[in-house]
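>>> I need the structure of the sequence given here:
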Amino acid sequence: MDTTLLRPATEIRPIELHTPFAWLRAGLADLRASPLPSLFYGLCFAVIGYALAFALRYQPQLFVAASAGFMLLGPALAIGLYELSRRREAGLPLRLAPTLTAWRNNFHHLALFSMVLMVIYLVWTRASALSFTLFFSGSLPTLTAMVQLIVAPENLTFLGIWLGIGFFFATLVFLISATTVQMMLDRNTDAISAALTSLRVVATNPGAMAVWAAIIAWATAAALLMGFIGIIVVGPLLGHASWHAYRSMVGK
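Numbers count the residues shown, from 1 in each chain. Below you'll find the predicted structure:
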């Protein structure tokens with residue numbers, strides 16, 4: 001086994017609290033430099049969202065859970081966007097085709113980590129659906145009625161528990177994936193070493209990473225509330241910005 005894959009990053013750089021906004025500006029620059037390839041991935045995100053809506057149209061509790069947990073899969077879905085940012089940084093042509101197979105150089109570790117994220121996503125979906133079953137008896141309402149039910153004053157206890165469960169899973173994913181997929185793509189690092197590096201990144205910069213997590217959460221929520229249309233732009237923007245987050249904090 002190549003032991004170089006097991007060596008942790010030699011440096012985790014401290015950053016300022018406002019640095020995440022610089023990542024957004026850099027991500028926007030990448031999006032403008034490669035609009036068609038970037039928006040292709042954004043369109044793919046939207047298609048996944050609409051496919052979920054169609055598949056779960058008769059199970060609103062599962063659709064709400066699946067949509068709310070959409071960002072848990074973001075690090076794995078954004079590999080092509082990371083590759084576009086990497087190619088722009090390296091002065092390579094910004095074409096879609098090479099990004100579609102960017103995962104091949106480190107397939108096994110990227111696939112392993114993607115499976116971990118998928119398992120967490122599925123566990124969250126089931127936990128969310130179970131919470132609906134425990135709090136609401138009888139047949140579950142339509143999606144519109146369900147949203148009204150969730151935010152009703154008499155159901156604040158449920159809302160707090162549901163949001164708490166979601167916060168736990170979102171925090172777990174953020175801790176282990178803030179820079180993980182980017183590092184595996186960039187350095188062919190194994191999944192465990194890259195995830196440990198992500199934990200070190202968050203521990204070194206807790207304030208700035210909390211700001212970054214809040215930006216991701218609010219931007220994704222706003223995009224989803226627009227009926228997945230917003231994710232066409234927000235998804236690529238956050239994906240490109242996440243590459244710059246990795247670059248600014250993980251040293252050689």
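
>>> quick one, what contacts the residue sitting nearest the centre point of the chain?
Central residue of the chain (Cα atoms, centre = their mean): residue 74, 2.6 Å from the mean position. Residue 74 sits next to 216, 220, 235, 238, 239 when contact means Cβ atoms under 8 Å, 6 or more residues apart in numbering. Heads up, the C-betas are built off the backbone N, CA and C, glycines and all.

>>> that one and residue 197, how far apart?
18 Å (Cβ to Cβ, to the nearest Å).

>>> what does residue 154 give?
For residue 154, the distance to residue 197 - Cβ to Cβ - is 45 Å.

>>> and those two? Which one has more around it.
residue 197 (22 against 7; other Cβ atoms under 10 Å).

>>> tell me how far the more buried one lies from residue 72.
With Cβ to Cβ as the criterion, residue 197 and residue 72 are 20 Å apart.

>>> kindly report the same for residue 129.
For residue 129 relative to residue 72 (Cβ to Cβ), the value is 15 Å.

>>> who has more neighbours, these two?
Neighbours per residue, other Cβ under 10 Å: of residue 129 and residue 72, the larger number sits with residue 72, 23 against 18.

>>> I figured the more buried one hits residue 171, correct?
No - with contact defined as Cβ atoms under 8 Å, residue 72 does not reach residue 171; the gap is 10.7 Å.

>>> show me the contacts for residue 88.
30, 33, 34, 94.

>>> what residues are up against the second one?
Under the criterion of Cβ under 8 Å, 6+ apart, the contact list for residue 33 reads 88, 94.

>>> repeat that for 6 Å
Shown in contact with residue 33 (Cβ atoms under 6 Å, 6 or more residues apart in numbering): residue 88.

>>> what about residue 218, how many residues nearby?
Around residue 218 there are 10 residues (other Cβ under 10 Å).
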